[in-house]
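# Compute the structure for the input listed below.
(6 chains)
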4 protein chains.
Amino acid sequence: MESKKGRKGEESRKRLLKAAANEFSIRGFHDTKISEIVKKAGFTQPSFYLYFQSKEAIFEELITDFHSRVRKLTESLLLENGLHTEDVSKRVLSAVETVFQCLAEDKDVTRIGFFLNPEAKQMKKDLAMVLKENLEAEQRLGYFHSELDMETVAECLIGMIEHLTDSFLLTGIKDPASLAAEIVNLLIYGMLPKGSDVR
Amino acid sequence: MESKKGRKGEESRKRLLKAAANEFSIRGFHDTKISEIVKKAGFTQPSFYLYFQSKEAIFEELITDFHSRVRKLTESLLLENGLHTEDVSKRVLSAVETVFQCLAEDKDVTRIGFFLNPEAKQMKKDLAMVLKENLEAEQRLGYFHSELDMETVAECLIGMIEHLTDSFLLTGIKDPASLAAEIVNLLIYGMLPKGSDVR
Amino acid sequence: MESKKGRKGEESRKRLLKAAANEFSIRGFHDTKISEIVKKAGFTQPSFYLYFQSKEAIFEELITDFHSRVRKLTESLLLENGLHTEDVSKRVLSAVETVFQCLAEDKDVTRIGFFLNPEAKQMKKDLAMVLKENLEAEQRLGYFHSELDMETVAECLIGMIEHLTDSFLLTGIKDPASLAAEIVNLLIYGMLPKGSDVR
Amino acid sequence: MESKKGRKGEESRKRLLKAAANEFSIRGFHDTKISEIVKKAGFTQPSFYLYFQSKEAIFEELITDFHSRVRKLTESLLLENGLHTEDVSKRVLSAVETVFQCLAEDKDVTRIGFFLNPEAKQMKKDLAMVLKENLEAEQRLGYFHSELDMETVAECLIGMIEHLTDSFLLTGIKDPASLAAEIVNLLIYGMLPKGSDVR
DNA sequence: AATGAATGAGCATTCATTCAT
DNA sequence: CATGAATGAATGCTCATTCAT
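As a prediction, the model looks like this:
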């Protein structure tokens, strides 16, 4: 079922995946009909089953795709942890921007994997943990003040990323770079005016 | 159809609403079956249609409930804008806590109205606008530094609230007060250590 | 699903069972379509699922019906074993006739349970064993000659019953009494002419 | 379409027939899928249609094979009718054994042609008629007692053969010779003990 | 001689909804 | 106020079969 050979088959498969990603991202799992996926891809219904076992299966595959993309992201974030550029804010900025770039790669798939997928919660938790570790490393080096609970910070960061992705990134209103800048600027420097006595 | 009088009828209606809220919040709109709602409420299928026109209708009603709750929230936030306690952070804290309290009132309904509902986006946008206005008022009074784009701040705030609500509030892990404290502490004072030269 | 109350429901269920029995017996499991069963019973498709879980389920139920009928048969055969009328051939005749009568009770169901059902083999084996025991009891009393392997005899009997049922009983060509008479006459007295020296 | 020449083609055709016979005999007509036949034979689906017009066609061909085998059988039975060995029982034995031998030749094909095939009934009828004629010939010569209805006897014989074939021959539990012996012994001499006064 | 790719036609099943009581 | 019984409308999936190479 998935061991077809030729170039053409591989291409048809991709066409179906793309059509499915789009339909799922617009309509959600249940309101997406195989008949629509297949029509969008220019096939008839049975062709679908030439490449995928079921509606669930293709959904799963899209999610798995997203999963592996996120895995690569977390790995790259861990690496970044090592190299220390002169400025903390630059390092954090770079990390957040990397996240947004990853989420911008394939918008339909992101919508599915990051928002529709019921297991997305775990994925976000994982991502939060990586961010937390990076932040704690910086904290130990004295770049952030020591009382901050970095787990909370990481969760807040995830929340911001999530919301801004949904509202501005996937809608095409803003790009990864500026979203990252906004978040980091806010987070790092806080909202109080320059001279105010902090605590 | 929806204006039955008797005490008993009113009670049955509420039982159905409650059961529906729970089912929807667990399973989402499409995976929720009338048959399950009705079973949970201790009725048979036709009884459902004694009180609600359709599956959509009961979902809408739950959303409307949530909507009006949120409307009250925004109104109270606007009012709070007027009274100025000694400390900015206290005022912001109070506002954010109010939001969390509102979202904690009925968890099932919040899940539906804030996360499942496709129109939730608009509601969040509205909420963001109110927060933005409050923040801008404070900013004009010099409590926050002037370059901050308060729209972005408001959106970030919404993101954090959203995520923390989903992960900690609705799961019962944390309460409104502590969640509000965490967010505000982070947002207001930023992450840099006390003595660092800000900008 | 199967715990409906009213008289009417019970009646509808029976109508479906009857229609299904007929369709299955004519067309076999696979060529029988729910749509036909339902049409024959005067319903629309979904009604079917009001009473039966699936096509498999209704087939199973028919088979189970047949099974319990056969079980009663074997029990009555065991009882008959006790009462000894004057004549062996009469006793055997009565047993075989009982079998045919049982198989004639509901022809459609017999066709399904005795011929279509893949588990029919086991049922026939069981039936053969009961017959064998009865025959051996008679044999021990000296009514049959002692070298006969009663297991073989029972199997042959089953074969005859099976074939005559299929060819003459279910087609309505012959009745239980005459079929039983024919078989028993042949079996008991053999084919050789009266005076020939047996072995 | 069915008249390919080459050696290899002929061989492929046979491989398909064999695979089909096996699948059909195990699963029956409807539960047998072309895809399985073809996999078993080591081909891809379209190859099937290189040799057979349809699923029905290959089934028919297998049945026809069986048919011609049975035709040869009946012819040989008619011939045997002529040669009179000293003993009736030996002649009957030989006939029945010939039948079993024929049915044992290719078990898969027998299962298909003798049990699955809806036209098997007619074939059995034909076979019964031949047997009947043979038996009547013997009867006229005084070898069997004259009141016996040889049609019934023939039908009973068919029933026994059928059942024993299904239960013992095709399962490999017993061989043609012993099966024939058991049947004939029972049929010819009957079940009553030697000395009992017959009728 | 054989295959990768695609399709037409059909069927079981599900679910929201209604009718008569 | 409530229910037993029934249905219209979809949709996922399977399978034999064909086309182009």
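
# can the host helix or strand of residue A:153 be found next to chain B?
Assigned by DSSP states H and E, residue A:153 belongs to helix A:150-164. Yes. Counting by Cβ under 8 Å from any Cβ of the partner chain, chain B is contacted by helix A:150-164 at A:152, A:153, A:155, A:156, A:158, A:159, A:160, A:161, A:162, A:163, A:164. Any C-beta I mention is one placed from the backbone N, CA and C, and that applies to glycine too.

# What residues does chain A have near DNA strand F?
Counting by Cβ under 7 Å from any atom of the strand, the positions of chain A adjacent to DNA strand F are A:32, A:33, A:34, A:35, A:45, A:46, A:49, A:54, A:55, A:56.

# filter those residues to the buried ones?
For the residues of chain A next to DNA strand F, a neighbour count by 16 or more other Cβ atoms under 10 Å in any protein chain shown gives the buried set as A:32, A:34, A:55.

# so which helix or strand takes in the residue positioned nearest the centre of chain A?
What sits nearest the mean C-alpha location of chain A, by Cα atoms, centre = their mean, is residue A:103, with 3.8 Å. Using DSSP H and E, residue A:103 maps to helix A:88-104.

# Would you mark the buried spots in that helix?
Buried, per 16+ other Cβ under 10 Å, within helix A:88-104: A:88-89, A:91-93, A:95-100, A:102-104.

# Phi and psi next, for residue A:33.
Phi and psi for residue A:33, reported as degrees, to the nearest 10, are phi -110, psi 140.

# now it, nearest residue through space, not along the chain?
Nearest non-adjacent residue to residue A:33, counting by Cβ to Cβ, 6 or more residues apart in numbering or on different chains: residue A:23, 7.9 Å away.

# Residue A:32 is in contact with that neighbour, correct?
Yes. Look at residue A:23 against residue A:32 with Cβ atoms under 8 Å: they come within range, at 4.4 Å.

# sorry, back to before: which pair in the residues of helix A:150-164 next to chain B spans the largest distance?
Farthest pair in these (Cβ to Cβ) is A:152 and A:164. Separation: 18.5 Å.

# Who has more neighbours out of those two?
Using other Cβ atoms under 10 Å in any protein chain shown as the criterion, residue A:152 and residue A:164 rank with residue A:164 on top: 27 against 22.

# Spit out the contact partners of that one.
Going by Cβ atoms under 8 Å, 6 or more residues apart in numbering or on different chains, residue A:164 touches A:100, A:174, A:179, A:182, A:183, B:155, B:156, B:159.

# just these now: which is nearest chain C?
Proximity of these to chain C (Cβ to the nearest Cβ) peaks at residue B:159, which lies at 45.6 Å.

# Show me what the mean pLDDT comes to for the one helix or strand residue A:63 maps to.
Assigned by DSSP H and E, residue A:63 falls within helix A:55-80. Helix A:55-80 carries an average pLDDT of 92.

# So what angle separates the directions of that helix and helix A:88-104?
Angle of helix A:55-80 versus helix A:88-104, following axes from the mean of the first three to the mean of the last three Cα atoms, to 10 degrees, is 160 degrees.

# on contacts alone, who are the packing partners of helix A:55-80?
Contact here means 3 or more Cβ pairs under 8 Å, 6 or more residues apart in numbering or on different chains; DSSP states H and E; on that basis helix A:55-80 packs against helix A:7-31, helix A:88-104, helix A:107-110, helix A:120-140.

# right, is that helix up against DNA strand E?
No. Applying Cβ under 7 Å from any atom of the strand, one finds helix A:55-80 out of contact with DNA strand E, separated by at least 13.4 Å.

# buried sites along that helix?
In terms of neighbour count (16+ other Cβ under 10 Å), helix A:55-80 has its buried residues at A:55, A:58-59, A:61-63, A:65-67, A:69-70, A:73-74, A:77, A:80.

# Now flag whichever of the residues you listed is closest to DNA strand E.
residue A:55 (13.4 Å; Cβ to the nearest atom of the strand).

# Surely that closest one is in contact with residue A:34?
Yes. Counting by Cβ under 8 Å, residue A:55 does reach residue A:34; the two are 5.8 Å apart.

# Return every residue with contacts to both of these two.
Common contact partners of residue A:55 and residue A:34 (Cβ under 8 Å, 6+ apart): none.

# Quick check: which ranges of chain A have low pLDDT?
A:1-5, A:81-85, A:195-199 (pLDDT under 70).

# wait, residue A:126 sits on residue A:74?
Yes. In this structure, residue A:126 is within contact of residue A:74 by Cβ under 8 Å, at 6.8 Å.

# Break chain A down into its structural domains.
A:1-53, A:57-189 (automatic domain parsing).

# Between those, which shows the greatest average number of neighbours?
Highest mean neighbour count among the domains of chain A (mean count of other Cβ atoms under 10 Å in any protein chain shown): domain A:57-189, with a mean of 18.

# tell me how far the ends of that domain are from each other?
The first and last residues of domain A:57-189 sit 46 Å apart, counting by Cα to Cα, to the nearest Å.

# related to what we said a few turns ago, and which of the buried ones among the residues of chain A next to DNA strand F is nearest residue A:189?
residue A:32 (43.6 Å).

# Of the helices and strands packed on helix A:55-80, which is nearest residue C:192?
The nearest among the helices and strands packed on helix A:55-80, by Cβ to Cβ, is helix A:7-31 at 72.5 Å.

# which other helices and strands contact that closest one?
So helix A:7-31, by 3+ Cβ pairs under 8 Å, 6+ apart, packs with helix A:34-41, helix A:45-51, helix A:55-80, helix A:107-110, helix B:7-31.

# Can you list the helices and strands that the second one packs against?
Same thing as helix A:45-51. Where contact means 3+ Cβ pairs under 8 Å, 6+ apart, helix A:45-51 is packed against helix A:7-31, helix A:34-41.

# can you give me the angle the last one makes with helix A:7-31?
Read that as helix A:34-41. 140 degrees.

# quick one: contacts of helix A:34-41?
A:12, A:15-16, A:18-20, A:22-23, A:44-45, A:47-48, A:55, A:58.

# Closest to residue D:191 out of these?
For the contacts of helix A:34-41, the closest approach to residue D:191 (Cβ to Cβ) belongs to residue A:45, at 63.4 Å.

# Name the residue of chain A that lies nearest to chain C.
Counting by Cβ to the nearest Cβ, chain A gets nearest chain C through residue A:54, at 18.7 Å.

# With residue C:22 as the reference, measure out to that residue.
35 Å (Cβ to Cβ, to the nearest Å).

# same question, residue A:135
Per Cβ to Cβ, residue A:135 is found 74 Å from residue C:22.
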